[in-house]
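>>> structure here, sequence nowhere to be found:
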């Protein structure tokens, strides 16, 4: 190989090295961007977990609030039934006045 052929080959190799370096820089930038996105997704996943826990707490509180009127109504009906049963028992114990027996 002559000096000119070596120089041409060396020039070609230098051109290829520059091209590969440029491509490698682009890959490194893409890798940094990907790493940043992955970190952001991890943060979002952690925040989502916290939000999910808070929603569960709120859901249980809403369920409890929704059941309160039903519990009050059941309590009122329960008291009315016990009052009616007590009144009937007292009426029977008093000899059932007004029953015409």
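All right, it came through fine. Note that the coordinates shown come from a computational prediction; the quantities given were computed from them, not determined experimentally.

>>> now the helices for this protein?
In the chain, the helices defined using DSSP state H lie at 3-93.

>>> got any ranges where it has weak pLDDT?
Within the chain, the segments meeting pLDDT under 70 span 99-101.

>>> report the central residue of it.
Against the mean C-alpha coordinate of the chain, by C-alpha atoms, centre = their mean, the closest residue is residue 52 at 2.7 Å.

>>> OK, contacts around that residue?
Contacts for residue 52 (C-beta atoms under 8 Å, 6 or more residues apart in numbering) come out as none. (Each C-beta comes from the backbone N, C-alpha and C, glycine too.)

>>> and the gap between it and residue 97?
65 Å (C-beta to C-beta, to the nearest Å).

>>> what's the neighbour count on the nearest residue to residue 1 once chain neighbours are set aside?
Closest residue to residue 1 apart from its sequence neighbours, by C-beta to C-beta, 6 or more residues apart in numbering: residue 9 at 7.7 Å. Counted with other C-beta atoms under 10 Å, residues neighbouring residue 9 total 11.
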